[in-house]
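Visitor: Okay, sequence plus prediction incoming.
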6 protein chains.
Amino acid sequence: MATIAELVEDRTVDGVFAVARKRRLTTSRGKPYLALELVDPSGRIEGRVWDDVELLDRRFAEGDAVRVLGRVERFDGRLQLAVRTVEAADADPAALAPTLRRDADELEGFLEFLAAEVAHPGLAGIVSGILAEPEVRDGMRLLPAAGADGHHGYAGGLLEHTVGVATLCRETGQLHPRLRADLLLAGALLHDVGRVRELGRGPAFRPTPEGALLGHVQLGVRLVDERANVLDSAARAELLHAIAAHHDRSAARTAEAAVLYHANQLDAQAATRSVGAD
Amino acid sequence: MATIAELVEDRTVDGVFAVARKRRLTTSRGKPYLALELVDPSGRIEGRVWDDVELLDRRFAEGDAVRVLGRVERFDGRLQLAVRTVEAADADPAALAPTLRRDADELEGFLEFLAAEVAHPGLAGIVSGILAEPEVRDGMRLLPAAGADGHHGYAGGLLEHTVGVATLCRETGQLHPRLRADLLLAGALLHDVGRVRELGRGPAFRPTPEGALLGHVQLGVRLVDERANVLDSAARAELLHAIAAHHDRSAARTAEAAVLYHANQLDAQAATRSVGAD
Amino acid sequence: MATIAELVEDRTVDGVFAVARKRRLTTSRGKPYLALELVDPSGRIEGRVWDDVELLDRRFAEGDAVRVLGRVERFDGRLQLAVRTVEAADADPAALAPTLRRDADELEGFLEFLAAEVAHPGLAGIVSGILAEPEVRDGMRLLPAAGADGHHGYAGGLLEHTVGVATLCRETGQLHPRLRADLLLAGALLHDVGRVRELGRGPAFRPTPEGALLGHVQLGVRLVDERANVLDSAARAELLHAIAAHHDRSAARTAEAAVLYHANQLDAQAATRSVGAD
Amino acid sequence: MATIAELVEDRTVDGVFAVARKRRLTTSRGKPYLALELVDPSGRIEGRVWDDVELLDRRFAEGDAVRVLGRVERFDGRLQLAVRTVEAADADPAALAPTLRRDADELEGFLEFLAAEVAHPGLAGIVSGILAEPEVRDGMRLLPAAGADGHHGYAGGLLEHTVGVATLCRETGQLHPRLRADLLLAGALLHDVGRVRELGRGPAFRPTPEGALLGHVQLGVRLVDERANVLDSAARAELLHAIAAHHDRSAARTAEAAVLYHANQLDAQAATRSVGAD
Amino acid sequence: MATIAELVEDRTVDGVFAVARKRRLTTSRGKPYLALELVDPSGRIEGRVWDDVELLDRRFAEGDAVRVLGRVERFDGRLQLAVRTVEAADADPAALAPTLRRDADELEGFLEFLAAEVAHPGLAGIVSGILAEPEVRDGMRLLPAAGADGHHGYAGGLLEHTVGVATLCRETGQLHPRLRADLLLAGALLHDVGRVRELGRGPAFRPTPEGALLGHVQLGVRLVDERANVLDSAARAELLHAIAAHHDRSAARTAEAAVLYHANQLDAQAATRSVGAD
Amino acid sequence: MATIAELVEDRTVDGVFAVARKRRLTTSRGKPYLALELVDPSGRIEGRVWDDVELLDRRFAEGDAVRVLGRVERFDGRLQLAVRTVEAADADPAALAPTLRRDADELEGFLEFLAAEVAHPGLAGIVSGILAEPEVRDGMRLLPAAGADGHHGYAGGLLEHTVGVATLCRETGQLHPRLRADLLLAGALLHDVGRVRELGRGPAFRPTPEGALLGHVQLGVRLVDERANVLDSAARAELLHAIAAHHDRSAARTAEAAVLYHANQLDAQAATRSVGAD
């Protein structure tokens, strides 16, 4: 069975995919159809169900794994799957979400190495404790860094992005001895940890109700705050401030928070901006 | 003779300093006085000439090295030098400008190492050629990264900042194999090279007339452009674009230019933002 | 003894005040002096100690209550106190901070009335519980709404502002039945509760170290979050979101959060903007 | 005959509606059709004429009342009316415009009550005089507050919004005795009076030619200015300034104008922002 | 007697000037003095009264013409007049306000020529009528274009600026035949006419109370509106719109209003920006 | 054969046009079609190829001249050409690009007149030299001022716009004798000269690869810089600065650069903004 990355125009497809988005729309003449976003670990493709809509619509929901029979066409310069028939498939939809190109075990090794670089005992304990929690550890491997449509938008993107930002912050700490390197590195390792409570599992990675209202910054502050009572009040406030300010250009009040803001931006842009003029 | 870093309140001083700023002002009652900024490699201090102003004013100009006799007082929380007498000193004023804490030879070694990492023959030749020109090589050691009052505001700050930005960009190239690492690193190594034509030598580091109008971005593009004709037109445009866009958040049209923008910001903020809440 | 509100130009003063600000400065000719901000419940006045500076400086610190002998002069259109002598006074400095014109007991009654209007049992319990905590109850009467220099910048300003915003939100809930009136009113009553951890006591009302880094929004979210676990997750997120977004024009994602933002702005502007063209 | 609020998917409809928008469009294959927005006092629905377009197009114009025979379908999640036939109806189109849920007579009573609260004789006379003019009195009941697509976008929305803003301003005047309550309340009652000259009658509520160029702020200033010559020049300028600045965050130069700006924003957001996360 | 333009450092002065600003200040040691801005048709100079302050202060008010005896000194790079004695002078202060370098009669001739270029009878009548009113005609010669500290900040600056903007708009009308040249030229000739009601006479050119609240844009719209009833409603709205939008970059809804905005900016910048790098 | 300006609804067309844009799209039901933008010297029209798409698609490319047989229809209020058949035509596509209404020879005469007004020998030589280069001279007549979709979006628009801006700047130089009229006029004549290297020839006027990255400002600075070495360093920097800053509101550091910015804006808005309310 073909993977999405292998699909070619004008070929028939028989494959098992996960349904990342499912919407029921109507053509300009009023005929209903289904607009799908289908994914597997190798990539994404738009799908359309034009016929037997009532029947097929009932067979699956957004987030399900499905077996699809159809034909690949080109629409507005991109491939699209015209679905002839679709049925529920006996597969784990989360395992079908697009995933990272790099080796997750290796990235987790980097993450542990970076966490071990935090010398301050209190910060080191908090960082290693949080990263070892199953909710966080699993979330790092299963979630994207910023939703399905953002940068690092695949399962494990959160792990990859966290390693990237922490690597840049560690380097910056070495270049600038005036900075509090432990605070900076701890902030980097924990800055996006709120994503594990903001985003649901793949393939849809939809925000949880709480995530939609509070966002990953607020949720990350709460998660770290609950575990940071071993720190004295000043160190705790510094760590929470760096996490709280990492999305807001003008909020940083310390050098470490300002550096974290730019390291986060840098890694996100490096992952998404087009290589060559856009 | 005392260095500026060693000065203590309520002590008499006899020292040789360079005059980074000199202005003739008048008190609110109309009495003229001289307001000075005195520097040596260890730091900066404000100076005031309250008496014999006509006489002493004629003895030296901004940028000169001077021998000063006076007394250290505290004004608005900071030390200030009440100058009793001052005369021209037989010393090189540029050698008296504040300088970097780190070892310049070591930084130059890092710079050469980073330049040697550029694998693309055309880019490598341009980078190593420009960095080897006496104007650039000397400027890196003698100039600040962004004027006397900006980040890395001491002789050699330009060298230190260039190494910092290039180190971060090299790291980013390794984290993100999709990026064109050679282009990114070459852009980082050359991004501030226009400073050598924008800024005059210390201790004042005043903009040259050309620098005041065209700025270091434009002057850097010109300098690199004149030496980049060995590149094909596309590679040349990519390199010039990265340099041209490095100060303007919304100008970047390539991933490499966007990364360079944030690496430059990151290093500047890491050097200047207050450690602890401001 | 005179209160600050009664001071008149060219008169001698003998009074007991609190020192809200104390800085040691130097005149343009290098002579040290003390710049003070003196307060009592009736208002504020700048003070200057020109003579015997060394001696008098040692007698009191910022935040102390002092007995002052001096003379009222006019400087740049405003009254100023030329202090001849000053000594520590046996009085409670917090009791000398400027305070509200309105009756605090009456305002507290309004606050209780408004809290009793929250019908939703979970929200009602949280609101009345938090407002009854001694830290909050005392903070409401002893703190300003936004620091000594902000709107409602006197002891009890926090209470007055909270009543103002909650009154406007209650009115809005009645005008717009589509809104969730309980959520809106609860958010209004708790929106600035983080001030009790952000600001120190008068007369200086300086931010605490934690307050300087985390700010009252973050501290308020934490305080409410810790007490909101009786709510289901959705209701808790809605309440925390309204508090988290109340200072950021573009952060509101619900009608109630958007209304709270504008009610807060409205009450602050009503308290501070000049009546007549500025 | 059914009202729009009662329409259900997959049912045939025979009803009398007003045509709020009418555009002749073409499908992507070039076939012409009519896109309509149909309204009655209970709501709005999109309509489409797919067949007999030439014939039916000639039977009615935008703004007419029509009798429609068709079928309700679901398109992109919303109901839509597929029109089979349509003909002019003998009904008052303005009476078919969507209208407010609340009782207009009661709102007018509130408006009169609020106007009677203005104590300053000059301001009271101007306010009650203007509100009693037939053009204004009718406009309040027949126009929306900000066009058909804005907040309070139905006949009488202008009345409802004016009552809302004035109620909030009256409350603010009581909370803040320093404000000039009469000026604030008069400004609130008259702030949107220019809408009666900016917007045409329903169901389309299209801007008049003058309204498109000058806008309701300028037209309101003119209308009030022409009637304000009983005031002394200062009071007149204050009232006109509050009206002139009510849409521009940075224009207010008095506390009352700043409060009016935020009260207007508050009421508009309360009416339009989604209840629950958007 | 010397004019201000002729004053030289270290010389005694005996001259007649107008007092454009007068403030009573106090030195940092509490001694009162007078800070003056003195003007005559040739320029401006700061003045200081250090001695006999009580006596001399009573002799004149801001806006008066005075005879001054003093000495020219240099303060912070600029000339300043140390006033020894001052007394009321028998001269017209308005005639002593700084005035334009160019010939006012010639400029008025240009203005009439430009007004005669408006071909549309209605617009031509309004323009020539308004420009012929004594209030406007005198204001053009006696007022600056934007207050004493703005561009064209001298008597007659309003006339000079109006001629400049109208000349540029006439040229633009010829370059772009698609524009409605009459509307554009009429708008340019009348765009700043509200200044005659916003600003008081020299030498102080203080805003009138009405001007401080309503500003010249609103006052100009009112003035033109009152005289524009000979135009049909559409033409009147177009003219008023161009005047109303001339200070707000985003308000223009017609090409002519957008052109007027930029012509106004262009002429103001041409008059004020430094020639050579600032 | 008909020109585009003469096309009428519901008529058959047989004409020769250039293909300014060609995209292959798919209807919502998946059927491919071609979306074209066809131009001739009289105007532009959208074209659609619905049938025989595979066959006709191979017959021509974007930028070609084609002979088209089809029918004019109305779509969404605008005319559109339903293409029945299309074939390559033996015509110069560049000659078919939309062109200016005004006489190009006459405009070139104005350009030469304006260039001859530059009195400064160095500037005059550079301006006349650059304008006489075939690349520039031809580009002025063949290119638009800002791409096919920008202001003056037709062949020769660059010439027309350059004359417009230079005329306004010459007028400004006469109104403001304080300005350096030669510098201003030279800057105006050369400000958009980089367009000749940024944009490809019509009918598509696509950016060159270099143009997409460096933009016309950077390319213009380079072009002028290479030819400006006869000037002394200060004059050269002033000229380059005016060109470099002409698109950036906040970059201008001289009066002449600020004037050029606004003259450029003024002429662009005069050419594009709708005449009458939009």
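Guide: Here it is on my side, so go on.
Visitor: just for the stretch 1-150 of chain A, where's the confidence low?
Guide: For the stretch 1-150 of chain A, the stretches with pLDDT under 70 are A:28-30, A:76-77.
Visitor: For the one residue in it that gets nearest to chain D, the count of nearby residues, please.
Guide: As assessed by CB to the nearest CB, chain D sits closest to A:Thr26 within the stretch 1-150 of chain A, at 4.2 Å. To be clear about C-beta, it is placed using only N, CA and C from the backbone, and glycine gets the same treatment. Burial of A:Thr26 is recorded as 18 neighbouring residues (other CB atoms under 10 Å in any protein chain shown).
Visitor: how about the nearest residue to it, chain neighbours excluded?
Guide: Leaving out its chain neighbours, the residue that sits closest to A:Thr26 by CB to CB, 6 or more residues apart in numbering or on different chains is D:Phe75, at 4.2 Å.
Visitor: Could you list the contact residues of chain A toward chain B?
Guide: A:163-164, A:167-168, A:171-172, A:175-176, A:178-180, A:241, A:252-256, A:258-259, A:262-263, A:265-267, A:269-278 (CB under 8 Å from any CB of the partner chain).
Visitor: try 7 Å this time
Guide: Within chain A, the positions near chain B by CB under 7 Å from any CB of the partner chain are A:164, A:167-168, A:171-172, A:175-176, A:178-180, A:253-255, A:258-259, A:262-263, A:265-266, A:269-271, A:273-278.
Visitor: Write the ChimeraX selection for whichever of the residues you listed are buried.
Guide: To isolate the buried members of the residues of chain A next to chain B in ChimeraX, using 16 or more other CB atoms under 10 Å in any protein chain shown:
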select /A:164,167,168,171,172,175,176,179,180,253,254,255,258,259,262,263,265,266,269,270,271,273,277
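Visitor: isn't the residue of the stretch 1-150 of chain A closest to chain D right up against A:Pro32?
Guide: Yes - using CB atoms under 7 Å as the test, A:Thr26 is close enough to A:Pro32 to be in contact (5.1 Å).
Visitor: if we can go back for a sec, among the residues of chain A next to chain B, which ones are in helices?
Guide: A:164, A:167-168, A:171-172, A:175, A:255, A:258-259, A:262-263, A:265-266, A:269-271 (DSSP state H).
Visitor: Can you show me the helices along the stretch 1-150 of chain A?
Guide: Secondary structure of the stretch 1-150 of chain A (DSSP state H, counting those that start in this stretch): helices located at A:53-57, A:93-96, A:104-116, A:121-132, A:134-142.
Visitor: Could you work out which of these reaches nearest to chain F?
Guide: Chain F sits nearest to helix A:53-57 of all the helices of the stretch 1-150 of chain A, at 13.0 Å, using CB to the nearest CB.
Visitor: hmm, the closest one in reach of chain F?
Guide: No - using CB under 7 Å from any CB, helix A:53-57 stays clear of chain F, coming no nearer than 13.0 Å.
Visitor: The helices of the stretch 1-150 of chain A: which one's closest to chain E?
Guide: So among the helices of the stretch 1-150 of chain A, helix A:134-142 is nearest, using CB to the nearest CB, at 44.1 Å.
Visitor: hmm, who's touching that closest one?
Guide: A:94, A:104, A:130-131, A:155-156, A:158-159, A:162, A:193, A:195-196, A:201-202 (CB atoms under 7 Å, 6 or more residues apart in numbering or on different chains).
Visitor: Which one of the residues you listed is nearest to chain F?
Guide: Of the contacts of helix A:134-142, the one sitting nearest to chain F (CB to the nearest CB) turns out to be A:Gly202, at 28.0 Å.
Visitor: count of neighbours near A:Asp14?
Guide: Neighbours of A:Asp14 under the rule other CB under 10 Å: 11.
Visitor: Surely it and A:Leu69 touch.
Guide: Yes - in this structure A:Asp14 lies within contact range of A:Leu69 using CB under 7 Å: 5.4 Å.
Visitor: picking that back up, how many residues are close by the residue nearest to A:Thr26?
Guide: 18.
Visitor: Check A:Glu135 too.
Guide: Neighbourhood size, A:Glu135 [other CB under 10 Å]: 12.
Visitor: That one and chain C, how far apart?
Guide: Plainly put, A:Glu135 is 15 Å away from chain C if you go by CB to the nearest CB, to the nearest Å.
Visitor: and what of A:Arg170?
Guide: 23 Å.
Visitor: Also A:Pro93?
Guide: Taken as CB to the nearest CB, the span from A:Pro93 to chain C is 24 Å.
Visitor: A:Pro209 touches C:Ala234, doesn't it?
Guide: Yes - with contact defined as CB under 7 Å, A:Pro209 and C:Ala234 form a contacting pair (5.6 Å).
Visitor: Any idea what the residue nearest to A:Thr26 is bridged to?
Guide: For D:Phe75, the beta-bridge partners under DSSP bridges are D:Arg78.
Visitor: domain ranges for chain A?
Guide: A:4-95, A:100-272 (automatic domain parsing).
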